[in-house]
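Novice: Got a sequence here, can you model it:
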Amino acid sequence: MSETQRRSAVVVGGGLAGVTAALALADGGMDVTLLEGRPRLGGLAFSFKRGDLTVDNGQHVYLRCCTAYRWFLDRIDATALAPLQDRLDVPVLDADRGRLGRLRRSGLPVPLHLAKSLATYPHLSLAERAKVGRAALALKALDPLDPALDTQDFGSWLAAHGQSPRAVEALWDLVGVATLNAVAGQSSLGLAAMVFKTGLLSENGAADIGWAHVPLGELHDTLARKALDAAGVRIALRTRVSSVSRTQDGRWAVDVAEGPDASGEVLSADTVVLAVPQREAHDLLPEGALDAPERLLDIGTAPILNLHVVYGRKVLKQPFFTALGSPVQWVFDRTEASGLTEGQYLAISQSAAQDEIDEPVAVLRERYLPELERLLPAARGAKIHDFFVTRERTATFAPTPGVGALRPSARTKAPGLYLAGAWTATGWPATMEGAVRSGVSAADVALAALDRPRGHLFREAA
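Specialist: Residues are numbered from 1 along each chain as shown. You can find the predicted model right below:
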(Lines give C-alpha, C1' and ligand atoms only; values in the text may rest on other atoms or scores of the structure.)
Protein backbone atom coordinates (compact mmCIF):
# COMPACT_ATOMS: atom_id res chain seq x y z
CA MET A 1 0.00 0.00 0.00
CA SER A 2 1.46 3.36 -0.99
CA GLU A 3 1.65 6.27 1.41
CA THR A 4 -0.93 8.16 -0.68
CA GLN A 5 -3.41 5.32 -0.12
CA ARG A 6 -3.01 5.23 3.65
CA ARG A 7 -5.88 6.55 5.72
CA SER A 8 -5.54 8.21 9.11
CA ALA A 9 -7.41 7.70 12.36
CA VAL A 10 -7.55 9.45 15.73
CA VAL A 11 -8.61 7.47 18.77
CA VAL A 12 -9.69 9.59 21.74
CA GLY A 13 -9.14 7.70 25.01
CA GLY A 14 -6.37 5.35 26.10
CA GLY A 15 -8.28 2.81 28.17
CA LEU A 16 -8.63 -0.79 27.05
CA ALA A 17 -11.24 0.14 24.46
CA GLY A 18 -9.08 2.88 22.94
CA VAL A 19 -5.86 0.88 22.99
CA THR A 20 -7.62 -2.05 21.33
CA ALA A 21 -9.18 0.15 18.66
CA ALA A 22 -5.82 1.80 17.94
CA LEU A 23 -4.04 -1.55 17.61
CA ALA A 24 -6.72 -2.99 15.36
CA LEU A 25 -6.82 0.09 13.13
CA ALA A 26 -3.04 0.08 12.81
CA ASP A 27 -3.10 -3.63 12.02
CA GLY A 28 -5.55 -2.72 9.24
CA GLY A 29 -3.01 -0.39 7.63
CA MET A 30 -4.09 2.97 9.01
CA ASP A 31 -1.94 5.77 10.43
CA VAL A 32 -3.23 6.07 13.99
CA THR A 33 -2.89 8.71 16.70
CA LEU A 34 -4.04 7.82 20.24
CA LEU A 35 -4.90 10.69 22.57
CA GLU A 36 -5.19 10.19 26.34
CA GLY A 37 -5.78 12.83 28.99
CA ARG A 38 -4.05 10.92 31.78
CA PRO A 39 -0.26 10.48 32.03
CA ARG A 40 -0.69 6.74 31.37
CA LEU A 41 -2.70 4.20 29.43
CA GLY A 42 -5.06 1.63 30.91
CA GLY A 43 -8.15 3.62 31.84
CA LEU A 44 -9.73 2.30 35.05
CA ALA A 45 -7.49 -0.77 35.23
CA PHE A 46 -4.15 0.72 36.29
CA SER A 47 -1.40 0.69 38.92
CA PHE A 48 0.34 3.29 41.05
CA LYS A 49 3.21 3.45 43.52
CA ARG A 50 2.70 3.63 47.27
CA GLY A 51 6.07 3.61 48.93
CA ASP A 52 7.79 0.40 47.87
CA LEU A 53 4.52 -1.20 46.76
CA THR A 54 3.09 -1.20 43.25
CA VAL A 55 -0.66 -1.16 43.79
CA ASP A 56 -3.51 -1.92 41.39
CA ASN A 57 -6.40 0.51 41.80
CA GLY A 58 -8.66 -2.54 42.04
CA GLN A 59 -8.61 -6.28 41.58
CA HIS A 60 -9.50 -7.24 38.02
CA VAL A 61 -10.10 -10.77 36.77
CA TYR A 62 -11.18 -12.36 33.50
CA LEU A 63 -12.55 -15.75 32.49
CA ARG A 64 -11.54 -18.29 29.88
CA CYS A 65 -14.65 -17.30 27.90
CA CYS A 66 -13.26 -13.74 27.60
CA THR A 67 -11.85 -14.39 24.13
CA ALA A 68 -11.37 -10.73 23.20
CA TYR A 69 -9.38 -9.88 26.33
CA ARG A 70 -7.32 -13.04 25.80
CA TRP A 71 -6.61 -11.83 22.25
CA PHE A 72 -5.57 -8.48 23.71
CA LEU A 73 -3.17 -10.16 26.15
CA ASP A 74 -1.69 -12.16 23.30
CA ARG A 75 -1.45 -9.06 21.10
CA ILE A 76 0.61 -7.19 23.72
CA ASP A 77 2.67 -10.31 24.55
CA ALA A 78 1.29 -10.58 28.09
CA THR A 79 -0.56 -13.92 28.18
CA ALA A 80 2.00 -15.57 30.46
CA LEU A 81 1.71 -12.70 32.95
CA ALA A 82 -2.03 -13.22 33.52
CA PRO A 83 -2.53 -16.99 33.57
CA LEU A 84 -5.83 -18.83 33.90
CA GLN A 85 -6.66 -21.49 36.46
CA ASP A 86 -6.32 -25.04 35.17
CA ARG A 87 -9.89 -25.54 36.36
CA LEU A 88 -12.44 -23.29 38.03
CA ASP A 89 -11.96 -23.44 41.81
CA VAL A 90 -13.48 -20.78 44.06
CA PRO A 91 -13.16 -21.12 47.87
CA VAL A 92 -16.36 -19.81 49.51
CA LEU A 93 -16.14 -19.16 53.25
CA ASP A 94 -19.30 -18.79 55.36
CA ALA A 95 -18.36 -16.39 58.14
CA ASP A 96 -21.37 -17.15 60.32
CA ARG A 97 -21.04 -20.92 60.21
CA GLY A 98 -17.27 -21.14 59.86
CA ARG A 99 -17.62 -23.51 56.91
CA LEU A 100 -15.57 -23.58 53.73
CA GLY A 101 -17.15 -24.70 50.50
CA ARG A 102 -15.85 -24.68 46.94
CA LEU A 103 -17.33 -24.02 43.55
CA ARG A 104 -15.29 -25.99 41.06
CA ARG A 105 -15.77 -27.81 37.83
CA SER A 106 -14.89 -31.26 36.62
CA GLY A 107 -13.85 -32.34 33.14
CA LEU A 108 -17.38 -33.49 32.30
CA PRO A 109 -19.43 -31.71 29.61
CA VAL A 110 -21.90 -28.92 30.39
CA PRO A 111 -23.98 -28.96 32.59
CA LEU A 112 -22.51 -32.00 34.35
CA HIS A 113 -19.21 -30.15 34.89
CA LEU A 114 -20.70 -28.39 37.94
CA ALA A 115 -22.98 -31.19 39.15
CA LYS A 116 -20.65 -32.68 41.75
CA SER A 117 -19.68 -29.27 43.11
CA LEU A 118 -23.30 -28.18 43.52
CA ALA A 119 -24.31 -31.54 44.98
CA THR A 120 -21.79 -31.13 47.80
CA TYR A 121 -21.96 -27.33 48.16
CA PRO A 122 -22.37 -26.90 51.94
CA HIS A 123 -23.85 -23.42 51.86
CA LEU A 124 -27.19 -24.58 50.41
CA SER A 125 -29.68 -27.16 51.57
CA LEU A 126 -30.40 -30.24 49.49
CA ALA A 127 -33.70 -28.71 48.34
CA GLU A 128 -32.00 -25.43 47.41
CA ARG A 129 -29.37 -27.26 45.37
CA ALA A 130 -32.06 -29.06 43.41
CA LYS A 131 -33.87 -25.82 42.69
CA VAL A 132 -30.61 -24.20 41.56
CA GLY A 133 -30.22 -26.91 38.94
CA ARG A 134 -33.72 -26.33 37.61
CA ALA A 135 -33.20 -22.56 37.50
CA ALA A 136 -29.91 -23.04 35.63
CA LEU A 137 -31.65 -25.12 32.96
CA ALA A 138 -34.36 -22.45 32.63
CA LEU A 139 -31.67 -19.76 32.35
CA LYS A 140 -29.89 -21.74 29.65
CA ALA A 141 -33.08 -21.61 27.56
CA LEU A 142 -33.20 -17.79 27.58
CA ASP A 143 -31.94 -15.63 24.71
CA PRO A 144 -29.88 -12.78 26.23
CA LEU A 145 -30.47 -10.72 23.06
CA ASP A 146 -34.25 -10.79 23.53
CA PRO A 147 -35.16 -7.12 24.22
CA ALA A 148 -37.91 -8.24 26.59
CA LEU A 149 -35.31 -9.64 28.99
CA ASP A 150 -33.65 -6.24 29.27
CA THR A 151 -36.82 -4.80 30.83
CA GLN A 152 -36.93 -7.39 33.63
CA ASP A 153 -34.76 -7.67 36.72
CA PHE A 154 -32.80 -10.82 37.50
CA GLY A 155 -33.88 -10.97 41.13
CA SER A 156 -37.58 -11.25 40.29
CA TRP A 157 -36.82 -13.95 37.74
CA LEU A 158 -34.83 -15.93 40.31
CA ALA A 159 -37.64 -15.66 42.87
CA ALA A 160 -40.16 -16.83 40.28
CA HIS A 161 -37.93 -19.84 39.63
CA GLY A 162 -37.84 -20.94 43.26
CA GLN A 163 -34.56 -19.38 44.37
CA SER A 164 -34.45 -18.59 48.09
CA PRO A 165 -32.74 -15.48 49.47
CA ARG A 166 -29.98 -17.79 50.73
CA ALA A 167 -29.48 -19.29 47.25
CA VAL A 168 -29.29 -15.81 45.76
CA GLU A 169 -26.66 -14.77 48.31
CA ALA A 170 -24.63 -17.97 48.28
CA LEU A 171 -24.57 -18.56 44.53
CA TRP A 172 -26.25 -16.17 42.11
CA ASP A 173 -25.05 -12.91 43.69
CA LEU A 174 -21.69 -14.45 44.46
CA VAL A 175 -21.05 -14.50 40.71
CA GLY A 176 -23.40 -11.74 39.60
CA VAL A 177 -22.22 -8.94 41.88
CA ALA A 178 -18.61 -9.50 40.85
CA THR A 179 -19.38 -9.53 37.11
CA LEU A 180 -22.33 -7.15 36.85
CA ASN A 181 -21.47 -4.77 39.73
CA ALA A 182 -25.05 -4.99 40.99
CA VAL A 183 -27.19 -7.35 43.05
CA ALA A 184 -29.71 -9.53 41.23
CA GLY A 185 -32.67 -7.27 42.00
CA GLN A 186 -30.93 -4.32 40.32
CA SER A 187 -29.59 -6.19 37.28
CA SER A 188 -31.05 -6.56 33.82
CA LEU A 189 -32.19 -10.14 33.22
CA GLY A 190 -30.69 -9.93 29.73
CA LEU A 191 -27.21 -9.08 31.02
CA ALA A 192 -27.44 -11.66 33.83
CA ALA A 193 -28.52 -14.35 31.38
CA MET A 194 -25.55 -13.47 29.17
CA VAL A 195 -23.11 -13.74 32.10
CA PHE A 196 -24.36 -17.08 33.40
CA LYS A 197 -24.99 -18.68 30.00
CA THR A 198 -21.58 -17.69 28.66
CA GLY A 199 -19.56 -18.23 31.82
CA LEU A 200 -21.17 -21.29 33.37
CA LEU A 201 -23.39 -22.93 30.76
CA SER A 202 -21.51 -22.73 27.45
CA GLU A 203 -18.28 -24.77 27.70
CA ASN A 204 -16.98 -26.63 30.71
CA GLY A 205 -13.88 -24.43 31.07
CA ALA A 206 -15.55 -21.10 30.28
CA ALA A 207 -15.54 -19.85 33.88
CA ASP A 208 -11.92 -20.67 34.72
CA ILE A 209 -10.54 -17.50 36.33
CA GLY A 210 -7.46 -15.57 35.26
CA TRP A 211 -5.80 -12.53 36.78
CA ALA A 212 -2.61 -10.54 36.44
CA HIS A 213 0.33 -11.86 38.46
CA VAL A 214 2.10 -8.55 37.85
CA PRO A 215 0.82 -5.00 38.34
CA LEU A 216 -1.92 -4.07 35.87
CA GLY A 217 0.15 -1.11 34.74
CA GLU A 218 2.76 -3.49 33.36
CA LEU A 219 0.09 -4.96 31.08
CA HIS A 220 -2.25 -2.11 30.22
CA ASP A 221 0.35 0.67 30.10
CA THR A 222 3.92 -0.59 29.64
CA LEU A 223 3.30 -3.58 27.36
CA ALA A 224 0.34 -1.92 25.64
CA ARG A 225 2.49 1.10 24.85
CA LYS A 226 5.24 -1.16 23.50
CA ALA A 227 2.74 -2.90 21.21
CA LEU A 228 1.32 0.42 20.03
CA ASP A 229 4.80 1.77 19.31
CA ALA A 230 5.65 -1.36 17.34
CA ALA A 231 2.44 -0.95 15.33
CA GLY A 232 3.39 2.65 14.48
CA VAL A 233 0.71 4.31 16.60
CA ARG A 234 1.54 7.83 17.76
CA ILE A 235 0.66 8.20 21.46
CA ALA A 236 -0.03 11.58 23.05
CA LEU A 237 -0.57 11.47 26.82
CA ARG A 238 -1.81 14.34 29.03
CA THR A 239 -3.72 15.44 25.95
CA ARG A 240 -7.38 16.42 26.09
CA VAL A 241 -9.79 16.95 23.23
CA SER A 242 -12.22 19.89 23.22
CA SER A 243 -14.25 19.13 20.09
CA VAL A 244 -14.67 16.87 17.10
CA SER A 245 -16.12 18.37 13.92
CA ARG A 246 -16.61 17.58 10.25
CA THR A 247 -14.48 19.49 7.73
CA GLN A 248 -15.58 20.75 4.32
CA ASP A 249 -13.71 17.96 2.57
CA GLY A 250 -15.60 15.30 4.54
CA ARG A 251 -12.80 14.49 6.95
CA TRP A 252 -12.66 15.06 10.71
CA ALA A 253 -11.02 17.80 12.75
CA VAL A 254 -10.04 16.93 16.32
CA ASP A 255 -9.32 20.02 18.41
CA VAL A 256 -6.76 19.37 21.15
CA ALA A 257 -7.50 21.62 24.10
CA GLU A 258 -4.41 20.84 26.13
CA GLY A 259 -1.30 18.71 25.95
CA PRO A 260 2.45 19.08 26.40
CA ASP A 261 3.18 18.72 22.71
CA ALA A 262 -0.10 19.60 21.07
CA SER A 263 -1.80 22.49 22.86
CA GLY A 264 -4.16 24.15 20.43
CA GLU A 265 -3.35 21.66 17.69
CA VAL A 266 -6.05 20.51 15.28
CA LEU A 267 -5.63 16.95 14.02
CA SER A 268 -7.15 15.91 10.72
CA ALA A 269 -8.30 12.33 10.19
CA ASP A 270 -10.47 10.13 8.01
CA THR A 271 -11.69 8.18 11.03
CA VAL A 272 -12.30 9.13 14.67
CA VAL A 273 -13.06 6.71 17.48
CA LEU A 274 -14.40 8.16 20.73
CA ALA A 275 -13.27 5.66 23.35
CA VAL A 276 -14.21 7.70 26.42
CA PRO A 277 -16.92 7.40 29.11
CA GLN A 278 -20.48 7.97 27.95
CA ARG A 279 -20.77 11.48 29.37
CA GLU A 280 -17.56 12.61 27.67
CA ALA A 281 -18.70 11.01 24.43
CA HIS A 282 -21.98 12.90 24.71
CA ASP A 283 -20.13 16.20 25.06
CA LEU A 284 -17.87 15.51 22.08
CA LEU A 285 -20.47 14.14 19.66
CA PRO A 286 -21.30 16.56 16.83
CA GLU A 287 -24.95 17.35 16.21
CA GLY A 288 -26.80 14.61 14.38
CA ALA A 289 -24.29 11.86 15.15
CA LEU A 290 -26.90 9.98 17.22
CA ASP A 291 -30.69 10.14 17.01
CA ALA A 292 -31.04 10.61 20.76
CA PRO A 293 -27.67 11.54 22.26
CA GLU A 294 -29.33 12.38 25.59
CA ARG A 295 -29.78 8.65 26.15
CA LEU A 296 -26.06 8.43 26.88
CA LEU A 297 -26.67 10.57 29.95
CA ASP A 298 -29.33 8.14 31.12
CA ILE A 299 -26.79 5.29 31.36
CA GLY A 300 -26.08 5.22 35.08
CA THR A 301 -22.83 4.38 36.79
CA ALA A 302 -21.93 2.08 39.69
CA PRO A 303 -18.96 2.27 42.10
CA ILE A 304 -16.38 -0.26 43.23
CA LEU A 305 -14.51 0.11 46.52
CA ASN A 306 -11.15 -1.54 47.14
CA LEU A 307 -9.54 -2.00 50.55
CA HIS A 308 -5.82 -2.73 50.85
CA VAL A 309 -4.26 -4.33 53.93
CA VAL A 310 -0.57 -5.07 54.48
CA TYR A 311 0.03 -7.56 57.30
CA GLY A 312 3.27 -8.24 59.09
CA ARG A 313 2.92 -11.98 58.44
CA LYS A 314 1.18 -14.38 56.10
CA VAL A 315 -2.50 -14.76 57.03
CA LEU A 316 -3.99 -16.31 53.86
CA LYS A 317 -2.80 -19.52 52.17
CA GLN A 318 -5.15 -19.42 49.18
CA PRO A 319 -4.57 -17.02 46.25
CA PHE A 320 -8.12 -15.73 46.80
CA PHE A 321 -11.46 -16.49 48.40
CA THR A 322 -14.96 -15.07 48.62
CA ALA A 323 -17.15 -14.76 51.70
CA LEU A 324 -20.76 -15.19 52.79
CA GLY A 325 -22.39 -13.73 55.88
CA SER A 326 -19.89 -10.89 55.89
CA PRO A 327 -19.55 -7.46 54.28
CA VAL A 328 -16.31 -8.81 52.77
CA GLN A 329 -16.81 -9.95 49.18
CA TRP A 330 -13.64 -11.10 47.38
CA VAL A 331 -10.13 -11.16 48.87
CA PHE A 332 -6.96 -11.60 46.77
CA ASP A 333 -3.34 -12.09 47.77
CA ARG A 334 -1.37 -9.39 45.93
CA THR A 335 1.91 -9.84 47.84
CA GLU A 336 4.17 -11.01 45.04
CA ALA A 337 2.59 -8.85 42.34
CA SER A 338 3.04 -5.70 44.44
CA GLY A 339 6.72 -6.32 45.13
CA LEU A 340 6.24 -6.85 48.87
CA THR A 341 9.04 -9.01 50.28
CA GLU A 342 7.92 -9.42 53.91
CA GLY A 343 4.46 -10.04 55.31
CA GLN A 344 1.36 -10.29 53.12
CA TYR A 345 -0.69 -7.78 51.14
CA LEU A 346 -4.41 -8.52 50.68
CA ALA A 347 -6.76 -6.62 48.37
CA ILE A 348 -10.49 -6.71 49.17
CA SER A 349 -12.75 -5.94 46.22
CA GLN A 350 -16.22 -4.59 47.05
CA SER A 351 -18.57 -4.29 44.10
CA ALA A 352 -21.96 -2.54 44.14
CA ALA A 353 -20.52 -0.34 46.90
CA GLN A 354 -22.98 2.56 46.73
CA ASP A 355 -23.48 2.57 50.50
CA GLU A 356 -19.77 2.65 51.34
CA ILE A 357 -17.99 4.42 48.51
CA ASP A 358 -17.73 7.72 50.44
CA GLU A 359 -17.13 6.30 53.92
CA PRO A 360 -14.01 7.67 55.67
CA VAL A 361 -10.98 5.40 55.76
CA ALA A 362 -11.17 5.20 59.57
CA VAL A 363 -14.73 3.88 59.42
CA LEU A 364 -13.84 1.28 56.79
CA ARG A 365 -10.81 0.19 58.79
CA GLU A 366 -12.91 -0.29 61.92
CA ARG A 367 -15.50 -2.26 59.96
CA TYR A 368 -13.30 -4.52 57.83
CA LEU A 369 -10.25 -5.43 59.89
CA PRO A 370 -12.37 -7.29 62.49
CA GLU A 371 -14.19 -9.02 59.63
CA LEU A 372 -10.91 -10.23 58.16
CA GLU A 373 -9.94 -11.57 61.60
CA ARG A 374 -13.29 -13.37 61.79
CA LEU A 375 -12.70 -14.93 58.37
CA LEU A 376 -8.98 -15.57 58.76
CA PRO A 377 -7.93 -16.78 62.22
CA ALA A 378 -4.27 -16.25 61.27
CA ALA A 379 -4.97 -12.52 60.99
CA ARG A 380 -5.85 -12.26 64.67
CA GLY A 381 -3.08 -10.39 66.39
CA ALA A 382 -1.13 -9.84 63.17
CA LYS A 383 0.50 -6.43 62.89
CA ILE A 384 -1.06 -4.06 60.35
CA HIS A 385 1.67 -2.24 58.45
CA ASP A 386 -0.72 -0.35 56.17
CA PHE A 387 -4.43 0.07 55.46
CA PHE A 388 -5.62 2.25 52.60
CA VAL A 389 -8.56 2.59 50.24
CA THR A 390 -9.01 3.15 46.51
CA ARG A 391 -12.35 4.28 45.16
CA GLU A 392 -13.75 4.18 41.64
CA ARG A 393 -17.03 6.06 41.91
CA THR A 394 -17.93 5.49 38.26
CA ALA A 395 -16.21 2.13 37.84
CA THR A 396 -18.84 0.65 35.51
CA PHE A 397 -22.11 1.47 33.87
CA ALA A 398 -25.06 0.39 36.01
CA PRO A 399 -26.57 -2.82 34.55
CA THR A 400 -30.11 -1.85 35.51
CA PRO A 401 -33.19 -3.09 33.64
CA GLY A 402 -33.63 -1.05 30.47
CA VAL A 403 -29.95 -0.17 30.04
CA GLY A 404 -29.70 -2.29 26.91
CA ALA A 405 -31.98 0.08 25.02
CA LEU A 406 -29.69 2.99 25.94
CA ARG A 407 -26.38 1.49 24.80
CA PRO A 408 -25.41 2.64 21.28
CA SER A 409 -23.62 0.57 18.68
CA ALA A 410 -20.11 1.40 17.50
CA ARG A 411 -21.39 3.08 14.34
CA THR A 412 -22.85 6.60 14.48
CA LYS A 413 -24.87 8.41 11.82
CA ALA A 414 -21.80 10.51 10.99
CA PRO A 415 -19.62 8.63 8.48
CA GLY A 416 -16.17 8.00 9.87
CA LEU A 417 -17.12 8.59 13.52
CA TYR A 418 -17.36 5.61 15.87
CA LEU A 419 -17.90 4.85 19.56
CA ALA A 420 -16.03 2.45 21.83
CA GLY A 421 -16.23 1.70 25.52
CA ALA A 422 -17.64 -1.03 27.73
CA TRP A 423 -20.86 1.02 27.90
CA THR A 424 -21.58 0.56 24.19
CA ALA A 425 -23.73 -2.28 22.86
CA THR A 426 -21.30 -5.16 23.23
CA GLY A 427 -23.81 -7.53 24.83
CA TRP A 428 -21.44 -7.81 27.80
CA PRO A 429 -21.49 -6.05 31.16
CA ALA A 430 -18.84 -3.46 32.03
CA THR A 431 -15.81 -5.74 32.14
CA MET A 432 -12.35 -5.72 30.58
CA GLU A 433 -13.78 -8.13 28.03
CA GLY A 434 -16.57 -5.71 27.16
CA ALA A 435 -14.10 -2.85 26.77
CA VAL A 436 -11.84 -4.82 24.41
CA ARG A 437 -14.82 -6.07 22.41
CA SER A 438 -15.98 -2.51 21.94
CA GLY A 439 -12.61 -1.47 20.57
CA VAL A 440 -12.61 -4.46 18.23
CA SER A 441 -16.11 -3.57 17.05
CA ALA A 442 -15.30 0.09 16.42
CA ALA A 443 -12.20 -0.78 14.42
CA ASP A 444 -14.10 -3.48 12.53
CA VAL A 445 -16.81 -1.16 11.23
CA ALA A 446 -14.29 1.63 10.55
CA LEU A 447 -12.06 -0.60 8.44
CA ALA A 448 -15.03 -2.12 6.65
CA ALA A 449 -16.29 1.36 5.72
CA LEU A 450 -12.90 2.12 4.17
CA ASP A 451 -12.67 -1.32 2.56
CA ARG A 452 -9.50 -1.98 4.52
CA PRO A 453 -8.39 -5.50 5.48
CA ARG A 454 -8.19 -6.62 9.08
CA GLY A 455 -5.16 -8.32 10.63
CA HIS A 456 -5.24 -12.09 11.29
CA LEU A 457 -5.38 -11.82 15.08
CA PHE A 458 -8.05 -9.16 14.84
CA ARG A 459 -10.29 -11.55 12.92
CA GLU A 460 -9.82 -14.17 15.62
CA ALA A 461 -10.86 -11.69 18.31
CA ALA A 462 -13.95 -10.65 16.42
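
Novice: which residues of the stretch 151-300 of the chain fall in helices?
Specialist: All helices of the stretch 151-300 of the chain, identified by DSSP state H, counting those that start in this stretch, fall at 154-160, 165-167, 173-180, 189-200, 216-217, 224-230, 278-284.

Novice: In JSON lines: those helices, plus mean neighbour count.
Specialist: Yep, even glycine has a C-beta here, placed from its N, CA and C like the rest. Output for the helices of the stretch 151-300 of the chain, formatted as JSON lines (neighbours: other CB atoms under 10 Å):
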{"stretch": "helix 154-160", "mean neighbour count": "20"}
{"stretch": "helix 165-167", "mean neighbour count": "15"}
{"stretch": "helix 173-180", "mean neighbour count": "23"}
{"stretch": "helix 189-200", "mean neighbour count": "24"}
{"stretch": "helix 216-217", "mean neighbour count": "24"}
{"stretch": "helix 224-230", "mean neighbour count": "18"}
{"stretch": "helix 278-284", "mean neighbour count": "19"}
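
Novice: Report pLDDT for the residue nearest to Asn57 when sequence neighbours are not counted.
Specialist: Sequence neighbours aside, Thr390 is the residue nearest to Asn57 in space, at 4.9 Å (criterion: CB to CB, 6 or more residues apart in numbering). pLDDT, Thr390: 98.

Novice: Pro453 too?
Specialist: 75.

Novice: The one helix or strand the residue nearest to Asn57 maps to: partners in the sheet, and parallel or antiparallel?
Specialist: Counting by DSSP states H and E, the element that carries Thr390 is strand 384-397. Strand 384-397 pairs in its sheet with strand 301-311 (antiparallel), by DSSP bridges.

Novice: re the thing from before, for Leu63, find the nearest of the helices of the stretch 151-300 of the chain.
Specialist: helix 189-200 (5.6 Å; CB to CB).

Novice: which secondary structure elements does that closest one contact?
Specialist: Packing partners of helix 189-200 (3 or more CB pairs under 8 Å, 6 or more residues apart in numbering; DSSP states H and E): helix 126-140, helix 147-150, helix 154-160, helix 173-180.

Novice: Repeat the analysis, applying 10 Å as the threshold.
Specialist: strand 61-63, helix 126-140, helix 147-150, helix 154-160, helix 173-180 (3 or more CB pairs under 10 Å, 6 or more residues apart in numbering; DSSP states H and E).

Novice: Quick one: find the helix or strand in the chain with the lowest mean pLDDT.
Specialist: Ranked by mean pLDDT, DSSP states H and E, the helix or strand of the chain with the weakest confidence is helix 456-461, at a mean of 48.

Novice: His213 contacts Thr79, doesn't it?
Specialist: No: the criterion here is CB atoms under 10 Å, and His213 misses it with Thr79 at 11.4 Å.

Novice: and the helix or strand just after the strand holding Thr390, what other elements does it pack with?
Specialist: Downstream of strand 384-397, the next assigned helix or strand under DSSP H and E is strand 417-419. Using 3+ CB pairs under 10 Å, 6+ apart, the elements in contact with strand 417-419 are helix 16-27, strand 271-274, helix 278-284, helix 432-449.

Novice: wait, which of the ones you listed is closest to Val363?
Specialist: Evaluated with CB to CB, the helices and strands packed on strand 417-419 place helix 278-284 nearest to Val363, the distance being 29.3 Å.

Novice: tell me the mean pLDDT over the closest one?
Specialist: Taken as a whole, helix 278-284 carries a mean pLDDT of 98.

Novice: Save the helices of the stretch 151-300 of the chain as a markdown table, and put in distance to Arg240 too.
Specialist: Shown next, in a markdown table, are the helices of the stretch 151-300 of the chain (distance: least, CB to CB, whole Å):
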| stretch | distance to Arg240 |
| --- | --- |
| helix 154-160 | 38 |
| helix 165-167 | 47 |
| helix 173-180 | 31 |
| helix 189-200 | 32 |
| helix 216-217 | 21 |
| helix 224-230 | 19 |
| helix 278-284 | 10 |
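
Novice: any idea how far Gly155 is from the closest residue to Gln85 other than its chain neighbours?
Specialist: Computed as CB to CB, 6+ apart, the closest residue to Gln85 that is not its neighbour in sequence is Asp208, at 4.7 Å. In this view, Asp208 and Gly155 are 27 Å apart by CB to CB, to the nearest Å.

Novice: Sweet, I'm off.
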